[in-house]
Structures are given as C-alpha cells and as structure tokens.
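Novice: here are the coordinates; sequence isn't available:
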C-alpha cells in the first residue's frame, strides 16, 4: 500500500492547494532556461538534452523545441529512466520501467539533465549513475523547473525556473499539458 | 473379564435397546440385559466390530511407517475388530513363516484380529505362485491372496491362482492395474493430467484387468475379489459380471468415495494414491455402486508412509493414504448422511461382507445372543476436524487433514474387551 | 505483480505485458558498453538445476548478473542431491544461505509449485522448466519475440495466429505458451500426431490438427517443438523419417507460410527431424534471436520479482515526489 505522504494526487485539486506558477509563468521560465543553456554552452551541437521521465521528458522536449527555433535547426531531446538506479527500490514494490532514449552518443558531449522538481537530489544522483554507464560526457548540467530546497545530497541545479521555498510538510505539484491536461505548479498542505 | 451392558444404543441404527455381554459373548439383547459395567449408549449407534479387508501394516520391514501393533491400535480407534494385513511387506508375506509372524503379532497386540493376506506370487513378482496352500494351512489360516500394490497381470498366472485357491476356499484379491498402460503414471488421466504434465493413469488400465479377470473367474468357476475399484467403467463391468452370475466381489476405499483428482492441482503428494483419485463422475459412480450393491464392501487401503516419502515433489512421493481412523466417518458423510445407506447396510458393507469374503469365522457376526461380542459404538452426531497428529498410526499421511467429518467411535469391544472407551484407546488391551 | 513465477497461467494480461514491456527496455542493456545495472546488488539468486540445461541456466545467470545479483549455481549432479538429499533439505539449505530467489529446473512436474507452496524457501521461486509441465520464461521470451516481429510491441498478440507443431504431450514449452498466448489474445493451433497430444487437450484454448500442411497458410508464427529420440522407441510414431515427412518443417512448407511469418524453436533443435537445416538458418528463422531475448525477459522477471519490496505493484507516483525517498 502507498503511505499517505506518497499518495498520488495527480489530476485532483488539493483542498488547500495554491497555484504558484501558471501556464504563462511556466512558458517564460522554460524560454529563459533555454537561453541560459545556450548562453552557457555556445555550441548547441555538442549538447544532449535528457529528460527524466515522466514530466522531465515533457519539459526537455519543450526546451528542445525552443532551442530548435533559436538555433534554426532540429534539436531533439532524449529520455533517461533512472528506475533501476534508485536507492529506494527495496522500499517499494517493483516499478514498471520508463523508456530510455538516448538521441546521440554522449561521449564527449555536454549532457543537460532536465527534471520538473529538484528536492532531495536523489533522483539526480541516480541519473548520474545511469549516465556513467552509458558513456563519458564532457560535462553534465542540470535544469529544473522548480527547486524546492531540502537537499539531502551535494547537488545543485545549473538552471532553475523558479526557486520555491517550502516546508517539508508541503507538496509541490507540477502539472503539464502532455500528461495532466494543463500547465500549472501548485503547493498543497503544510499550513 | 468384566461383564458389560450397553444401555440405550441404537442397534444397527434401529430403536434404542440394551446389549449385554460376558466372557466375550453376547448374553442378552433388549429386556433383561445386565452387566457389571454399565455403558451409556444414549444417542449412539451399535454396529458389529468393523472388518477391513485391505490394510497395510508395514511390518515386517518398514516399522518406521507402521507396525502390526500401531496399525491395530489405529484400527481399534476406527471401530475395527479385524483387519487384513496386505502381503507387500519386506520380506513379502509369501510364505507360511511370514504370515504366521504377522498373525501372532496381531494376537499379542490384542487391539484387533490381524488376518494376514498371502501373496499370490513369490515376491509379488507376478511369475511364480507362492505357496498358497502352506499359507492356508498355517496357523494364520490365510484365505485372501493378493499381490496388492502390484497387479497379477499375466493372464495365465492369474488363471492358475484363481483355480488353485479353490482347494481351500480362498479368494484372489486383484489389484487391477495394467502395468504397461500405467508406466510412470502419476495421476488420473484426464484434462488435469494434461494440464499439469503428470503422466496419466487411464481408467482403462483398471477396467481392462477387471474385465479380463471376471471372464477368467467365470471360465474357471472361481471366486474373485476386486480391490479398490475407482472408476465408473469398473463399476459397470462388475455390475455386468454379477448379472451373469460370476462370483465376484468388489471393494471401494473411503478416499475414492470422497476425494477427486482436482486435489492434485496443489501438487501436495498427500493426495497421491494407487489407484489415483478419479474424476467427480467416478466418485459419483462408486457411491452409486456401493449403494446398489454392485460394490460389496468398503475397505480402507490404509497405507502408512513416513513423512519423508510425502514431503517431496509429486513424482518422488509414495502412493497411499491413511484410512482406518476415518473410514467410518467418510462412509457416514458420503453414504449415510446422504440417505444412500442405512446403518444396517453400513454394518453389512464394513463388517459382515468383508468377514465373509475373507472367510473370517468369528468376525462380522450379527449382534445377537450367543455371538461374539465384537461391537463398535459410534456417535453419529459428533463432528471432528481431522488433525493428522491425532492418530495411533506412526504415520501422518492423512488426506482429510483440516476437513470436518461426522461421526466418532466412542467404544470398540473385541470379544467383550474394550479396546476403545470414552473415545480413547484403552491402554494395555492385551492385559 | 505475482511473488513467484510458477506457471504462465499465473500471469494476467497486465502482468504479462508489464514483463514484456520491461524486457523491451532491458534489451538495450546488452548493446551498451557496460552491460550491467545495479538494481539487484546484494541480492542472492540461486540456480537450482536438478536437470542439465546449460542453455537455460546460463541465460538466467547472465540475466541475474546483468542486474548485479550474486548468483549461486547449484547443480544436482555431483552434489548431495545425487546422494539422495531431498528437495526439502536442499531448499532449507538454500534458505539458510539467504537466497532471495530460487530458479528451479526439475525433472518432476510440479516441483517448483511444491517448493513454493510448502514454504521450504522464503525466496521467490521461478520455474525454469519442470518435467513435462511448464516453462514460463520460455513462453515469455517467445511472446516477446513474436511481439517484436509481428508489430505488436507495447501491446498484446490479439488476433495473431500461432501454430505450434510437435510433441505436445511431453512439452513444457507448449503448456506455458498456450496459457500465455491465450492471455495475450493470440489464436493457437496445435499440430501433432494423435499419439503426442495429451488426453483432455479439447479443454485447452487451442485448435488442434493432425495435418501440418493445412495449418500453414494463416500462421503468423510457427513454433517447432523438439522431438526426443527416445520417443521413437515407444511407439509414438513409426520412424524419424515418417515423422519428419508428416510434421517436419522444410523449405517447401516454409514457402507456403505468409511472407511476414516467423519460424521459432525453443531449442535445442534436431536438425533434419522436426526442422531442416536450411529452414533453421533461414532469414525467417528467429531462433538465435529467441536466445538473446531470453536474457532480457529473464532480467525483467528477476527485476519485477526481486527489484522492489514484496507486495502490491506501485501505483504511478506523483512525479514531484519521485525525488523523495
């Protein structure tokens, strides 16, 4: 059974949820992140965008779309499933795997990992492990839509859509059109 | 020895009456019955001591599974005053020496009469007749001969055996199993054997032998007994044979009256038995056959096995189940409580007839003045949940474990001596 | 998800597709520079083989090792088992060694069930072939191979026609395949001489035929079963030559299959008996690929049985929480 704190609430408005980012805010944040990534890395040909399923992949595709427009050439995003590298596998029943899709050879490339929320940092730790077995990138960078703090590992994001101070009791809920029908970020609980 | 009077028991299930016995003989039934020891028979049914034509006691050879003494104690708890000990011991009971030893051990135990069955062929090998006459003439007075566990499959050997035992009024009890059709067989052949990938044991392997044997018996004018028949086809063949006047009798086991092959699905070898548990239709057929008299008797095929021979994978496990302590309950559940047999008929099929087939003179007698005081008192209203550990047997391979069965033996008297009183074994019965 | 894999019939459609989809993701591991995932680190998997089967054993061993499990190979030959140790005692020994999973191959039908149901081991029990009963991971890898070739990745095999030919009576492969293919919606036709069909096959969810030639034209996949030499001496059929003439797959028969149809064989093959060498090596034959797929499917089974805590399947989590332990 799923513990209450882990209860999925996708698609359901939490009674005390308040919206912190709307569709436009998200769009602006992604555009800004896109430009920051390009600015920092100059050579977009050496970039590999990898989203972490599920919502990280949606975000990665949106960023790739924006990048294609700016650079005026086709740039695609891949997906990196980190399930097999999680450190909490034994705490929960076995999960179905998400699709991993690496668009290019990552050796000698700069990989930008993209996820929706950065919290404890454990997901990114798992992603780094997974990457290490796929090849040897020159550098790995991290872009997240939300950084809500409370890191449990020495990990920080290179590109952040919004820093969102939260209490541990609060839940951050990212909804994206591709999976949830609409774009929004909300905070629930805690008060 | 004390004299007893049983008060208010229902004789063969009829109205309550009193039965008195003294010195091993029934002295009064009804008015005027008195005795030193009063036994309250209220609510109980009195039957003649049960006689089993088919028990495996494993002694000599496998005393870790059962001995003559432990088997007799289990028998007494089941209401039996006489059991026939099958010949497939180690060494095989194919000589006068072995059968006399088994017979003597039974006498010494004192819990029930143990009537040895002699092997038909030397070493149960199916080739050469054992010394049937010597066993018949021995102190054990063997009248039933069987290679049980194996089939006398050679038609010529079977014919000779049927003929030969006529000289001393013996009977051949055939374990009907065509060996080639059952090579490696593990369970009843049907949809489930195909699904489970267990080698099938076709009904025809039993039926073909029974058909051959009744024709042989007719041809040579001999007496044939069919052990543990288990299929609808077998019932029909025996019914046909009887209608032709062939001198054939047949037995069914309690487990074939109650259990069916779907139990094999769980892969627990507790349900592995020879012949195998059959389909529900076969179960219905043997109940019908027992009710209409086609099947003459119920015999337990009590087959003790040590734990290690059942705590293993199916194909490695031994065939057989315990039966003595539960037989009457299973018969009550399947035949009496369903209205298919009266208690008087139960007495016939579990006492009178088996004694008569086995030619045992002082067993299976009526409950009447001057007859031996072999009596069982059963409480038909009792319910018991079967616990394999609650047994007098050395083995635990009880297929009814966890089932709630009706009826319980309250007392068993062997020639006027209690072997079971107040639902428990009387210790030192031979004292 | 189930806790043991004893029979292909234990899997409902959701479980089966979950295994196949997971295997689909894991297939890629074999082509990576580092063919290893850390998922089962510290877990002990025992290959308990009472019957020789190098192919199946190494397939499970490769699968377990790619998931970083510790693998103990326990072969009955030359061990105390051949000196009469019982299955129970062997299982208790493995339990004492802390086996998280026991992959059992046994000559006796139902032995894996017995092992699981008698609770002689606490580990997950995976049936790697029992007697003439079942071989569920073989069925899974067969279904996996069919999905890839018949354009059904991600879904089931609804509407696909699978023809299975040969010794059905003694085949554990066919029993598992029939159960799984039925669950996945495929239509199965079994072709065999009447002597090699079990009693009660009319209860199976299959069509049966004695005529191979009549069963070729609609087949999307043809699976040839191994016919063991010892059957020839037991009057199941008159001779190898007659068997292969009536039930063997040769190029003439191959040419009558639809263009997209694939030829499968669980191995090991009797070339020249149930399948000719040129058919076995034909471009339409996926027999070698079956072996490759076997590792991915067994990885999926091991991951799904051992990769998480015991219990119900995980619901899809709130993605914002996946970063939380």
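Specialist: Sure, I can see it. Values in this document were obtained by computation on a predicted structure and should not be read as measured data.

Novice: how about residue B:207, what does it touch?
Specialist: If you count contacts by CB atoms under 8 Å, 6 or more residues apart in numbering or on different chains, residue B:207 has them with B:176, B:231, B:233-234, B:237. All C-beta atoms are positioned from the backbone trio N, CA, C, and that covers glycine.

Novice: assign the closest residue to it other than its chain neighbours to helix, strand or coil.
Specialist: In space, residue B:207 comes closest to residue B:233 once its chain neighbours are excluded; the distance is 4.1 Å by CB to CB, 6 or more residues apart in numbering or on different chains. The three-state label given to residue B:233 by DSSP: H, G, I helix; E, B strand; the rest coil is helix.

Novice: which residues touch residue B:233?
Specialist: B:203-204, B:206-207.

Novice: quick one, helices of the stretch 101-250 of chain B?
Specialist: B:132-137, B:155-164, B:191-196, B:203-220, B:232-243 (DSSP state H, counting those that start in this stretch).

Novice: for the stretch 251-400 of chain B, same thing?
Specialist: Going by DSSP H, counting those that start in this stretch, the stretch 251-400 of chain B shows helices at B:254-258, B:280-292, B:327-331, B:343-347, B:353-357.

Novice: format the ones you listed as CSV; extra columns: mean pLDDT.
Specialist: Shown next, in CSV, are the helices of the stretch 251-400 of chain B (pLDDT from 0 to 100):
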stretch, mean pLDDT
helix B:254-258, 98
helix B:280-292, 98
helix B:327-331, 98
helix B:343-347, 98
helix B:353-357, 98
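
Novice: ok and the residue in chain A nearest chain C?
Specialist: Among all residues of chain A, residue A:94 sits closest to chain C, at 3.5 Å; criterion: CB to the nearest CB.

Novice: for chain B, what lies in contact range of chain C?
Specialist: Within chain B, the positions adjacent to chain C are B:186, B:189-200, B:202, B:266-269, B:308, B:311-316 by CB under 8 Å from any CB of the partner chain.

Novice: just the contacts of residue B:207 now: which is nearest chain A?
Specialist: Nearest to chain A among those, with distances taken as CB to the nearest CB, is residue B:231, at 47.4 Å.

Novice: quick check: which ranges of the stretch 201-325 of chain C have low pLDDT?
Specialist: Within the stretch 201-325 of chain C, the segments meeting pLDDT under 70 span C:310-325.

Novice: just the strands from it, written as ranges.
Specialist: Along the stretch 201-325 of chain C, the stretches classed as strands by DSSP state E, counting those that start in this stretch are C:207-209, C:221-224, C:262-264.

Novice: next secondary structure element downstream of the helix or strand that contains residue C:105?
Specialist: Using DSSP states H and E, the element containing residue C:105 is strand C:101-106. Going down the chain from strand C:101-106, the next helix or strand is helix C:111-117, by DSSP H and E.

Novice: between the next helix or strand after that next one and strand C:101-106, how big is the angle?
Specialist: As assigned by DSSP H and E, the chain's next helix or strand after helix C:111-117 is strand C:124-130. Angle, strand C:124-130 to strand C:101-106, by axes from the mean of the first three to the mean of the last three CA atoms, to 10 degrees: 20 degrees.

Novice: how about strand C:124-130, does it reach chain A?
Specialist: No - taking CB under 8 Å from any CB as the criterion, strand C:124-130 and chain A are apart, separated by no less than 11.0 Å.

Novice: which residues touch that strand?
Specialist: B:197, C:3-7, C:47, C:49, C:51, C:53, C:56-57, C:60, C:100-113, C:115-116, C:134-138, C:172, C:301-302, C:305-306.

Novice: quick check: residues of chain C near chain B?
Specialist: C:86-88, C:106-111, C:113-114, C:117-118, C:130-134, C:172, C:175, C:198-201, C:203-204.

Novice: swap that for chain A, please
Specialist: Residues of chain A lying near chain B (CB under 8 Å from any CB): none found.

Novice: residue boundaries of the helices in chain A?
Specialist: For chain A, applying DSSP state H gives helices covering A:23-41, A:55-71, A:122-132, A:177-180.

Novice: and those as JSON lines, adding mean pLDDT and mean neighbour count?
Specialist: Output for the helices of chain A, formatted as JSON lines (pLDDT from 0 to 100; neighbours: other CB atoms under 10 Å in any protein chain shown):
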{"stretch": "helix A:23-41", "mean pLDDT": "95", "mean neighbour count": "16"}
{"stretch": "helix A:55-71", "mean pLDDT": "95", "mean neighbour count": "21"}
{"stretch": "helix A:122-132", "mean pLDDT": "94", "mean neighbour count": "21"}
{"stretch": "helix A:177-180", "mean pLDDT": "93", "mean neighbour count": "15"}
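
Novice: contact partners for the residue sitting nearest the centre point of chain A?
Specialist: What sits nearest the mean C-alpha location of chain A, by CA atoms, centre = their mean, is residue A:115, with 0.4 Å. If you count contacts by CB under 8 Å, 6+ apart, residue A:115 has them with A:51-52, A:55-56, A:59, A:123-124, A:127, A:142-145, C:323.

Novice: mind splitting chain B into its structural domains?
Specialist: Under the assignment automatic domain parsing, the domains of chain B span B:4-45+B:371-425, B:50-357.
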